[in-house]
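Enquirer: Model the following, please.
(one chain, ligands or ions: 1)
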Amino acid sequence: MNQKIGARRGVVVGSVAALVALGTLTAGHAAAEDVEPRAIKQIVSGLSQAWALDFLPDGSALFTEKNTAKIRKLDKAGKVTDVQKIPGVSTSNEGGLLGIAVSPDYATDQTVFVYYTAASDNRIAKLKLGQTPQPILTGIPRGAENHQGGRLEFGPDGHLHAGTGDAQKGSNSQNDKSLGGKVLRMTKDGKPAPGNPKADSVVYAKGFRNVQGLAWVGNQLYVSDIGSSKLDELNKVEPGKNYGWPTCEGSCSTAGMTNPVKSWATSSATPSGLEYFKGSLYMASLKGGTYKLTTSGAGSKLYTSLGRTRAVEAAPDGSLYVMTPSEIHRADGN
Ligand SMILES: [Ca+2]
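Expert: Now for the predicted structure:
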């Protein structure tokens, strides 16, 4: 497809959406450089099941599309180009090419990490752009269709963290030998990171159903977890703790289980990506909009006119990128 036309049309549609949502913009404010107070602007449209996004040191963004299995690049001028298709991706309802994380040492190692569903498992691979991915961690259980997890983020400790799903088998989440239903913490070679609860395991915390977002407030990790039919969760994650699934969905009083800091009805949240930006947690919602929250989960939704949102990432230019399955928006977080 012609990305230039797609991007140009996107700017117009985005301005209209911003007008409707916020009443503060005029159609003339189309440049991506001038996000204003209370502004959100569409900078890309026409994507196919976009899933995750991260930034290169030069300020351009790399993002994944779940079903096309493509890594694509958004340059600072708003132009989208294909980088490459990841081989061996097996798509399902929730499976495909999912997370992406740029090495914090990209300037020296030029390495990017992806999380994807393969025929027999979910896996994490590293690659230099344009080259063949090298798996660093395999054997994360895959569900026939759902609960694949998929988020990848580097922590402030420099280690790679992954959120996984229970692969439609709740007992995986309580099984220390399964990589499903966990937060994983690893080196760039997929080995257990120093300081993990068990020195020989990449498992950092357990008892999740389907972790979709990871973010840090200082050195404190928070994750979003999609519930089954009752409650979705925001969890404050400590190493070695057990976050309850499948015994508990939302808060409970079962010994040994750690309750979420906040839960929401699955009909209103179904959370996805999580980010900490200018003093607030932003949690994407597949039921529409993005939550702006305190660390205790107080707050409400912004950007509801966007519909489903999948990922939220703080950009090096000081803005917040909000990604839906088909669009990327640039916002100021208000
Ligand atoms: Ca829980």
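
Enquirer: measure the closest residue to Asp176 other than its chain neighbours to Ala193 for me?
Expert: In space, and not counting its chain neighbours, Asp176 is closest to Val203: 6.4 Å by Cβ to Cβ, 6 or more residues apart in numbering. Where C-beta positions appear, they are placed from N, C-alpha and C, glycine not excepted. Distance of Val203 to Ala193, given as Cβ to Cβ, to the nearest Å: 11 Å.

Enquirer: swap in Gly240?
Expert: Gly240 sits 13 Å away from Ala193, going by Cβ to Cβ.

Enquirer: So for the two, which residue has more residues nearby?
Expert: Ala193 (19 against 11; other Cβ atoms under 10 Å).

Enquirer: Just give the nearest non-adjacent residue to the more buried one, would you?
Expert: Nearest to Ala193 is His159, by Cβ to Cβ, 6+ apart, at 4.1 Å.

Enquirer: hang on, that neighbour packs against Arg185?
Expert: Yes. In this structure, His159 is within contact of Arg185 by Cβ atoms under 8 Å, at 5.5 Å.

Enquirer: quick one on the thing from earlier: who is the residue nearest to Asp176 paired with across the strands?
Expert: Beta-bridge pairing for Val203 (DSSP bridges): Leu184.

Enquirer: wait, what's in contact with it?
Expert: Neighbouring residues of Val203 by Cβ atoms under 8 Å, 6 or more residues apart in numbering: 176, 179, 182-184, 196-197.

Enquirer: okay, among the residues you listed, which ones form the most distant pair?
Expert: Pairwise distances among those were taken by Cβ to Cβ; the largest, 14.1 Å, belongs to Leu179 and Pro197.

Enquirer: Quick check on these two: which one has the bigger neighbour count.
Expert: A direct count of neighbours by other Cβ under 10 Å for Leu179 and Pro197 places Leu179 higher, at 25 against 16.

Enquirer: Could you pull up phi and psi at the residue nearest to that one when sequence neighbours are not counted?
Expert: Leaving aside its sequence neighbours, Leu179 sits nearest to Ile140 (Cβ to Cβ, 6+ apart; 4.4 Å). Per-residue torsions, Ile140: phi -70, psi 120 (degrees, to the nearest 10).
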